[in-house]
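> Predicted model follows, preceded by the sequence.
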Amino acid sequence: MLKRRWNRWWFMLLAAVLLLSWPPLLLGQEMASSTTQIELPAKLAAVVANTPTGTDAGQIDLQAEKGFAGIPGAPQINYLVAFLWAIWVGWIFTTVGAFGGIMAGVGHLTIFGLGLYATGFKTTNPELNAMLTDMIRASNQYLVGLAALISTYSFYRMKRLVVPLGLALGLGSVSGGLLIPWLTAGKIQLSQYIGWFGIAVLVIGGFIFYSTTERSHSKKSKADEAAKAFQQAMKEQGGNDGQGVLFQSFSPSKITFSFYGTEFRFNPILALIGGMIIASISSFLGIGGGFLYVPFLTSVIGLPMYIVAGTSALAVLLSMVTSVFSYVVLKGTFISWSLVGIEMVGVAVGAFIGPKTQKYIPEKILKWLFVVLAAYVGIRYFSKGFFNQSWLPPF
């Protein structure tokens, strides 16, 4: 039985990698030599060829060692660090249903140095600046999409996924996931993206902070009741009592279900509209949208966190498939598959661990950790993007 379960997990992992990497298999990435005599993917070579050569910022130093994507002088990315950071990305997303895309963005922008590097081309080659910005946005979504697929499967097996709600949010996200990349790909400079990225992180921090207050808890008595029943079942029976999400009634305007003896209901039409708005915002920022799905599910729908993470993951999965298709297939966004491939392996590891460890970590500790991280990251990127200087270290 154990061997069969492991085989099933490996099959799901393989399916996830194929699902999220099929666009490059269809499109291919030809290698071409630009006028600067650099061997690069064809689309990237054409843009790099228009960049001035030299050793100053915003120039290509032909004598420098090759770095990211084979560009001389580009940041050297440690793939071991990328793998370990991707584990964190996968774990954090599958644990709370949010923050994965934001952490993926932190890795690409700051830890790997691609943000500062791309900023250097703002005046010398705005097209290269925009291309690297789109690459960061699309790469973030590849990682979150894989984490969402694994998380959805895990929580479904544990009966902690409200499938109709996740589908309603996800279907609403399709329009936003297609529209925003089409409107903004190649048109957003990195400084603009970083500033709005910072605002998004501060927003999630504010939502998470509010969820720790007494006022928030007073409005979620049903969610707290269900959460306590679940925690008690975990202590007494290890959560193997056959309970979970149980559906009671369906209609176009109301779906009713219970979770550990507590009844919940939601309006599918409201979920469709919410998914559309959330996907438009998250697609622009190049992140998964969980930072908005989670507050929507906890505050608007009133669900406990133990079923929010999986439901959010299903919505994010549908949104990410649509958005990645828009970026990579419709708009032809450049992707460094060597980097993204390593990261996807790390994300798969973290996403496998997350749902299994979620029940052992006090929710309040996780939320306060996220508040601190969100405040730090948000303020730093907000100041960097809109004021061209970091208000927090590293300066």
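Cool, got the structure.

> Please enumerate the strands of the stretch 101-250 of the chain.
Along the stretch 101-250 of the chain, counting by DSSP state E, counting those that start in this stretch, strands occupy 245-250.

> the helices in it, which residues?
114-119, 126-157, 163-184, 190-211, 214-218, 221-237 (DSSP state H, counting those that start in this stretch).

> tell me the angle the fourth one makes with helix 126-157.
Okay, so that is helix 190-211. Orientation check (axes from the mean of the first three to the mean of the last three CA atoms, to 10 degrees): helix 190-211 against helix 126-157 gives 30 degrees.

> Give me the buried positions along helix 190-211.
Neighbour counts over helix 190-211 (16 or more other CB atoms under 10 Å) mark 190-191, 193-198, 200-205, 207-209, 211 as buried. The way it works is simple: take the backbone N, C-alpha and C, and place the C-beta from them, glycine included.

> what's that helix packed up against?
helix 100-106, helix 114-119, helix 126-157, helix 268-285, helix 290-295, helix 363-387 (3 or more CB pairs under 8 Å, 6 or more residues apart in numbering; DSSP states H and E).

> centre of the chain versus the fourth one, how much separation?
Here the centre of mass of C-alpha atoms in helix 268-285, compared against the chain's by CA atoms, centre = their mean, to the nearest Å, lies 15 Å away.

> Next, the buried residues of it.
By 16+ other CB under 10 Å, the buried positions in helix 268-285 come out as 268, 270-272, 274-276, 278-285.

> before we move on, what about stretch 42-57?
Lys43, Leu44, Ala45, Val47, Val48, Ala49, Thr51.

> Pretty sure the fourth one sits against Glu127.
Spelled out, it's Val47. Yes - using CB atoms under 8 Å as the test, Val47 is close enough to Glu127 to be in contact (5.3 Å).

> Give me the pLDDT value at Trp10.
pLDDT recorded at Trp10 is 49.

> again with Leu178
66.

> Next, give phi and psi for Gln63.
Phi and psi for Gln63, reported as degrees, to the nearest 10, are phi -90, psi -10.

> List the contacts of the residue nearest to it when sequence neighbours are not counted.
Setting aside the residues directly before and after it, Gln63 is nearest to Pro72 in space (CB to CB, 6 or more residues apart in numbering), at 7.2 Å. Residues near Pro72 by CB atoms under 8 Å, 6 or more residues apart in numbering: Ile38, Ile60, Asp61, Leu62, Gln63, Ala64, Glu65, Lys66.

> where does the residue nearest to the last one when sequence neighbours are not counted land on pLDDT?
Looking back up the chat, that one is Lys66. Distance criterion CB to CB, 6+ apart; nearest residue to Lys66, sequence neighbours excluded, is Pro72 at 5.5 Å. Looking at Pro72, its pLDDT is 90.

> Next one: Pro72 from Trp337, what distance?
Relative to Trp337, Pro72 is positioned 20 Å away (CB to CB, to the nearest Å).

> Any idea which helix or strand in this protein has the lowest mean pLDDT?
In the chain, the helix or strand scored least confidently by mean pLDDT, DSSP states H and E is strand 31-33, which has a mean of 44.

> in stretch 68-83, what's buried?
Across stretch 68-83, burial judged by 16+ other CB under 10 Å covers Phe68, Ala69, Gly70, Ile71, Pro72, Gly73, Ala74, Pro75, Ile77, Ala82, Phe83.

> which ones among those are found in helices?
If you go by DSSP state H, the buried residues of stretch 68-83 have Ala82, Phe83 in helices.
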